[in-house]
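Asks: got a structure for you, letters missing:
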């Protein structure tokens, strides 16, 4: 029997690549390896679960057995790779060597963790996958007060969702505005005001120094002296692409696993896509680029080398209290931002010296303009 195509990871990147590959090749053996339980789910839905009153089972779309049957593949769950041997085209699971025809790294990104003093640091919950969500949902049962670390895209989405689910939410982040790396201040102010209208309380500037138990739950001690009473803490500080195993195997890494436009790493027969991949210098932790990569890489694996291209890739942020769509300008592009509108309805545009649209942020009713503006946007990877 010939060596299989091996995909490491069963998130959106891994399973979507497998689906696209099976459309083109129904015969080549296919093995998917995952460190979690292998259920198929959409990661963006993790920040909608409380508002929709869905537990982890409710967010799951298919069990691993059903996915194996659908994909005519073997799916190995709760399995961690211990090493990659590019020279012999094999990977290691403990003492077991697994040969591959092609190896695809789709193992995503891990949550950024910061050290916190105190006797309750184990009650800080990252929510990066379905099993994390299940753990947090179990811990949150019967509780009411949540402290969120981070006021970026994920932090704001979770704040909106938790409040819709009946929780009281405080957000702590060492920045001057929400989504500082993504949003113009005018759009950020609209989103923050929307969340505040639901009851969210923002503590922008300080960091969490100490988390300790109290008679009434937990006390969060901030660096500016504030003390916030809470029942549990969600960490939404950010994500870091998983690169350690790739680096140990001698693959070139930077922010992510470095790949070219055909998603090839620096070693033959090894590819990467999704949150762990840095594609031609871009590490985009969103669904649209991932889907483009899955389609292109499936063609390559099926014998038709295909370079990925990214058109405009606006990001829809799930803050229903203040709808938000943002399309950051391409890297290195120079332009001038202009803002118009008032209240929740803000339109912020970035144009270059020739008047060409480079990017935008739209909030509230202004999101209705996204389709027209998308037609003006440049491609991210033409």
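Replies: Okay, I see it. Quick caveat: nothing in here was measured; it's all calculated off a predicted structure. Numbers count the residues shown, from 1 in each chain.
Asks: immediately after the helix or strand hosting residue 104, which helix or strand?
Replies: Using DSSP states H and E, residue 104 sits within strand 102-105. Going down the chain from strand 102-105, the next helix or strand is strand 109-111, by DSSP H and E.
Asks: Is the most centrally placed residue in the chain in a helix, a strand, or coil?
Replies: The centre of the chain sits closest to residue 285, judged by Cα atoms, centre = their mean, with a distance of 4.9 Å. Secondary structure state of residue 285, per DSSP: H, G, I helix; E, B strand; the rest coil, is coil.
Asks: From residue 210, how far out is the residue lying closest to residue 66 once chain neighbours are set aside?
Replies: Distances taken as Cβ to Cβ, 6 or more residues apart in numbering place residue 40 nearest to residue 66, at 7.9 Å, with adjacent residues excluded. Using the backbone N, CA and C atoms, a C-beta is placed for each residue, glycine as well. Residue 40 is 39 Å from residue 210, where distance means Cβ to Cβ, to the nearest Å.
Asks: And the two? Which one has more around it.
Replies: Shown here are residue 40 and residue 210; by other Cβ atoms under 10 Å, residue 40 has more neighbours (21 against 16).
Asks: OK, contacts around that one?
Replies: 10, 15, 60, 61, 62, 63, 64, 66, 67 (Cβ atoms under 8 Å, 6 or more residues apart in numbering).
Asks: Is it possible to mark the buried ones in the residues you listed?
Replies: Neighbour counting by 16 or more other Cβ atoms under 10 Å classes 10, 15, 60, 64, 67 among these as buried.
Asks: which one is the fourth one nearest to, not counting chain neighbours?
Replies: On the basis of Cβ to Cβ, 6+ apart, the spatially nearest residue to residue 64 that is not a chain neighbour turns out to be residue 38, at 3.3 Å.
Asks: Go ahead and list the helix or strand containing the one you found.
Replies: Counting by DSSP H and E, residue 38 is part of no helix or strand.
Asks: OK, contacts around it?
Replies: 10, 32, 63, 64, 67, 75, 76, 77.
Asks: same check, this time on residue 344
Replies: 190, 193, 194, 322, 363, 364, 365.
Asks: didn't the residue nearest to the centre of the chain look like it was pressed against residue 110?
Replies: No: the criterion here is Cβ atoms under 8 Å, and residue 285 misses it with residue 110 at 11.7 Å.
Asks: Overlap of the contact sets of these two?
Replies: Counting by Cβ under 8 Å, 6+ apart, the contacts common to residue 285 and residue 110 are residue 239.
Asks: what mean pLDDT does stretch 277-296 have?
Replies: For stretch 277-296, mean pLDDT is 95.
Asks: any chance you could map the strands in the stretch 51-200 of the chain?
Replies: 74-76, 83-85, 90-93, 96-99, 102-105, 109-111, 124-126, 145-149, 168-173 (DSSP state E, counting those that start in this stretch).
Asks: Just put those in JSON lines and tack on mean neighbour count and distance to residue 256.
Replies: Shown next, in JSON lines, are the strands of the stretch 51-200 of the chain (neighbours: other Cβ atoms under 10 Å; distance: least, Cβ to Cβ, whole Å):
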{"stretch": "strand 74-76", "mean neighbour count": "19", "distance to residue 256": "24"}
{"stretch": "strand 83-85", "mean neighbour count": "17", "distance to residue 256": "16"}
{"stretch": "strand 90-93", "mean neighbour count": "17", "distance to residue 256": "19"}
{"stretch": "strand 96-99", "mean neighbour count": "14", "distance to residue 256": "23"}
{"stretch": "strand 102-105", "mean neighbour count": "26", "distance to residue 256": "10"}
{"stretch": "strand 109-111", "mean neighbour count": "18", "distance to residue 256": "8"}
{"stretch": "strand 124-126", "mean neighbour count": "20", "distance to residue 256": "19"}
{"stretch": "strand 145-149", "mean neighbour count": "24", "distance to residue 256": "23"}
{"stretch": "strand 168-173", "mean neighbour count": "23", "distance to residue 256": "24"}
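Asks: now those strands in TSV, with distance to residue 277?
Replies: Supplementary listing: these in TSV, determined by distance: least, Cβ to Cβ, whole Å:
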stretch	distance to residue 277
strand 74-76	21
strand 83-85	15
strand 90-93	17
strand 96-99	21
strand 102-105	7
strand 109-111	10
strand 124-126	21
strand 145-149	26
strand 168-173	27
